[in-house]
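Undergrad: below are the sequence and a predicted model; questions follow.
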Amino acid sequence: MHQHAPPSSEIPATLPPFRDVKPLPRNLLDHSTICFEEGLHSQGFSLQTRCLESGVETKAPARVPPHPHLTFASTLTVHPSMTNRTTKPERHVASNDALKYLRHAINTLDAKDGGMKTAFRFEQRRALSERSNRASKRRSDANGAEDDEMDKPGFIRSDYYQKQSLWTHAEDFWAIVGWAFNCSVLHKQRWERWKPWLEQMLDLLQNDLEKHIQLQKDEGADIGQSLLAQYISLVGEGRNNRRRIMRAITADGTKKMAAEFGEVWKDETKPPKKKKERDFSSKRRKLDLDNDQFGDYVDSDSEDEVSEGKKRKSASMEGSSRSRRSKRASKSDDIDEDEMDEQEPEMTGSTSTLTIGDMDSIRLRQRLLTLLTRFSEVAPDKFMDIGELFSLFTEFIRPLPLSIFQQFVMPLTPYLSTKFSAVLTEMLFRPLLGTNNGNGWIDQKGFETNFAPHAAITTTAVDNAKVSLLIESLLRALWNANILSGDLTSLKASVEKGISARDEKVAYDGRKKTGRNSVLDEQAKTSLQCSAERMRVLLDVMAAS
């Protein structure tokens, strides 16, 4: 088989016009800090936005605050007490203002110069972990360092910067990715907040990676210093550890995924209490910051936060508590249907195993795959080479339900370059065809011989529909890459032979299917027929062009 040169990712390397940076003047920094500490969040972000935007016409440096303000803003964009667990409009406005400010900063500032590389780190979690019996000791040991930090400009005396910070609560970036995608299936209200956060972070990671690639070419900079490289390094070396990245990207809300990628904040998916419940419970609220009990200071609309460090005295007490929660959930005058969906994700039933969220969720998952591909292309020594990476992709994409599988192999908008798409498609073929034919780079002869005329090694309609989709995808990729040329007679014959082979293979499957399996089988047969017709139309277009 003809060997083509290793492909380029062809990802646009155009970077936004990053501005030079200067620190925010001390008087303005103090003023915005006071606004944040006093809960006047919108005023603080309004001031900082004006400072960030000033000087654009004259190309003057942007004025930016120290990194604690970015850490603080990032937390406010998604914290439940500022979003789904409050009914106060001013908190929703503050969260949106933080989101807008960060979007503007990410689009105009270099990650390092703008302080984002320092602000969006996860190292502090170990010092403040609340999921360990040694938490109190660690907090005590950290007091000296915290006192020093409080004296630095930009320190914000707020739990949104300290114990309630996103970057304190989350284990790492991939824990957030997995939880966000679980929310895209189970908790739509939370997904509406995590989605823009994830979009911004992917913009930042891509811009930062491209900047390091550019600096490597110009100055020999180390791509391992990029923010993406740091996030990847947190999972550890080896294929088993890096499978966690793929599990996060393909998280689908199932119990297994929900167990591995759980909520960032305790009870963050619960809706706010009704007014009569708040009035009653607020009389008994206490301020205990060490145990995440904020009384009426941080969030009078959210439920009491119970310390995870406190253990229930007996199993009977735990059962009683569950019973009380169940009774509250059953009161139709207190909780509407949307809130019930938020509290009882299992009500989504078996359909949750057949979806990975809306189209935005799929698009963001594809962006993550693209980003990992780009990183492997330019820094295989920091992660894994393209062959290993696509083998990992194959491990997680091939078993997906047919409708989801189709989104990754036949996307409406391509997320990989034409050549890389062909390489991934070829690797996805291998387990379905039970062959190792192909070596990553495919030409017309190889396509006609090793792929187009074949059926799956099984007789199931689902597997044969997947093979058909892969052949269709590869046919399109080869055409777009101008690899198909000359007389298409043999190509048409090979494609038709494969269509017949797959139809015959499925016809031999005499196993009786019932229930959902019967529905999925019929859907797969329909997909098989539609794919065959699309390939015939495509071949006619090729012949006419």
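TA: On my side now, so go ahead.
Undergrad: what about the stretch 201-350 of the chain, any weak spots by pLDDT?
TA: Residues of the stretch 201-350 of the chain that meet the criterion pLDDT under 70 lie in 275-350.
Undergrad: again, 90 this time
TA: Scanning the stretch 201-350 of the chain with the threshold set as pLDDT under 90 gives 217-221, 236-240, 271-350.
Undergrad: and the stretch 51-200 of the chain, by the same measure?
TA: 54-60, 111-114, 122-154, 162.
Undergrad: how about a cut-off of 80?
TA: Along the stretch 51-200 of the chain, segments meeting pLDDT under 80 span 123-153.
Undergrad: what are the boundaries of the helices in it?
TA: Residue ranges of the helices in the stretch 51-200 of the chain, as given by DSSP state H, counting those that start in this stretch, are 67-78, 89-108, 116-119, 125-128, 135-150, 166-169, 173-186, 188-219.
Undergrad: and these: which comes nearest residue 498?
TA: helix 173-186 (34.4 Å; CB to CB). For every residue, glycine as well, the C-beta is placed using N, CA and C.
Undergrad: which elements pack onto the closest one?
TA: Judged by 3 or more CB pairs under 8 Å, 6 or more residues apart in numbering; DSSP states H and E, helix 173-186 is in contact with helix 188-219, helix 239-249, helix 255-260, helix 359-378.
Undergrad: roughly how far does residue 490 sit from residue 435?
TA: Per CB to CB, to the nearest Å, residue 490 is found 20 Å from residue 435.
Undergrad: and residue 218, by the same measure?
TA: 44 Å.
Undergrad: more neighbours: which of the two?
TA: Using other CB atoms under 10 Å, the more surrounded residue of residue 218 and residue 435 is residue 435, with 13 against 8.
Undergrad: Validate this expectation: the more buried one resides in a helix.
TA: No. Counting by DSSP: H, G, I helix; E, B strand; the rest coil, residue 435 is not part of a helix but coil.
Undergrad: for it, give me its contacts.
TA: 429, 450 (CB atoms under 8 Å, 6 or more residues apart in numbering).
Undergrad: could I get the phi/psi values of it?
TA: Here is the backbone geometry of residue 435 (degrees, to the nearest 10): phi -140, psi 160.
Undergrad: could I get stretch 463-483 in CSV with only the CA atoms?
TA: Listed next in CSV are the C-alpha coordinates belonging to stretch 463-483 (Å, rounded to 0.1, in the frame of the first residue of the first chain):
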residue,chain,number,x,y,z
ASP,A,463,-21.9,-3.6,13.8
ASN,A,464,-22.6,-3.7,10.1
ALA,A,465,-24.1,-0.3,10.2
LYS,A,466,-21.0,1.0,11.9
VAL,A,467,-18.8,-0.6,9.2
SER,A,468,-21.0,1.1,6.6
LEU,A,469,-20.7,4.5,8.3
LEU,A,470,-16.9,4.1,8.5
ILE,A,471,-16.6,3.2,4.8
GLU,A,472,-18.8,6.2,3.9
SER,A,473,-16.7,8.5,6.1
LEU,A,474,-13.4,7.2,4.6
LEU,A,475,-14.8,7.5,1.1
ARG,A,476,-15.6,11.2,1.8
ALA,A,477,-12.2,11.8,3.4
LEU,A,478,-10.3,10.3,0.5
TRP,A,479,-12.4,12.4,-1.9
ASN,A,480,-11.8,15.6,0.0
ALA,A,481,-8.1,14.8,0.2
ASN,A,482,-8.0,14.4,-3.6
ILE,A,483,-6.7,10.8,-3.2
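Undergrad: and it, which residues are buried?
TA: Buried residues in stretch 463-483, counted by 16 or more other CB atoms under 10 Å: 463-479, 481, 483.
Undergrad: distance from that stretch to the middle of the chain?
TA: Offset of stretch 463-483 from its chain centre (CA atoms, centre = their mean, to the nearest Å): 27 Å.
Undergrad: I'd like the mean pLDDT over that stretch, please.
TA: Averaging pLDDT along stretch 463-483 gives 91.
Undergrad: where does residue 22 land in three-state SS?
TA: Residue 22 - assigned by three-state DSSP - is strand.
Undergrad: so what's the residue count around it?
TA: Neighbours around residue 22, by other CB under 10 Å: 14.
Undergrad: check residue 434 too.
TA: Residue 434 has 11 neighbouring residues, counting by other CB under 10 Å.
Undergrad: check contacts around it.
TA: Residues in contact with residue 434 (CB under 8 Å, 6+ apart) are residue 457.
Undergrad: any idea how far residue 388 is from it?
TA: For residue 434, the distance to residue 388 (CB to CB) stands at 21 Å.
Undergrad: ditto for residue 50
TA: 48 Å.
Undergrad: with neighbour numbers in mind, choose between the two.
TA: Set residue 50 next to residue 388 and count neighbours by other CB under 10 Å: residue 388 wins out with 14 against 11.
Undergrad: which non-adjacent residue is nearest that one?
TA: residue 239 (7.5 Å; CB to CB, 6 or more residues apart in numbering).
Undergrad: centroid residue for the chain?
TA: residue 177 (3.9 Å; CA atoms, centre = their mean).
Undergrad: thought that one was touching residue 248?
TA: Yes. Between residue 177 and residue 248 there is a contact under CB atoms under 8 Å: 4.3 Å.
Undergrad: and for the two, which residues touch both?
TA: With CB under 8 Å, 6+ apart as the test, residue 177 and residue 248 both reach residue 261.
Undergrad: counting neighbours, what do you get for the spatially closest residue to residue 189 that is not a sequence neighbour?
TA: Excluding the flanking residues, the one nearest residue 189 by CB to CB, 6+ apart is residue 84, at 4.6 Å. When neighbours are defined as other CB under 10 Å, residue 84 has 25 of them.
Undergrad: quick one, phi psi at residue 84?
TA: Backbone torsions for residue 84, taken as degrees, to the nearest 10, come to phi -80, psi -10.
Undergrad: any idea how far residue 422 is from residue 480?
TA: For residue 480 relative to residue 422 (CB to CB), the value is 9 Å.
Undergrad: and for residue 401?
TA: Taking CB to CB, one finds residue 401 at 24 Å from residue 422.
Undergrad: neighbour count winner among those two?
TA: Neighbours were counted for residue 401 and for residue 422 using other CB under 10 Å; residue 422 has more, 26 against 16.
Undergrad: what about the strands in the protein?
TA: 21-23, 62-64, 287-288, 293-294 (DSSP state E).
Undergrad: show me the contacts for the residue nearest to residue 189.
TA: Residue 84 touches 189-190, 193, 268-269, 271-272, 342, counting by CB under 8 Å, 6+ apart.
Undergrad: and it, how far is that from residue 178?
TA: Plainly put, residue 84 is 19 Å away from residue 178 if you go by CB to CB.
Undergrad: over to residue 101?
TA: 26 Å.
Undergrad: contacting residues for residue 198?
TA: 176-177, 180, 364.
Undergrad: for residue 534, see how far away it is.
TA: Counting by CB to CB, the gap from residue 198 to residue 534 is 32 Å.
Undergrad: again, but for residue 253
TA: Distance, residue 253 to residue 534, using CB to CB: 31 Å.
Undergrad: neighbour-wise, which of those two wins?
TA: residue 253 (23 against 16).
Undergrad: burial check on the nearest residue to that one once chain neighbours are set aside, number of neighbours?
TA: Using CB to CB, 6+ apart and skipping residues adjacent in sequence, the residue nearest residue 253 is residue 185, 3.2 Å away. As a burial measure, residue 185 scores 25 neighbours (other CB under 10 Å).
Undergrad: now residue 185: how far from residue 173?
TA: 20 Å.
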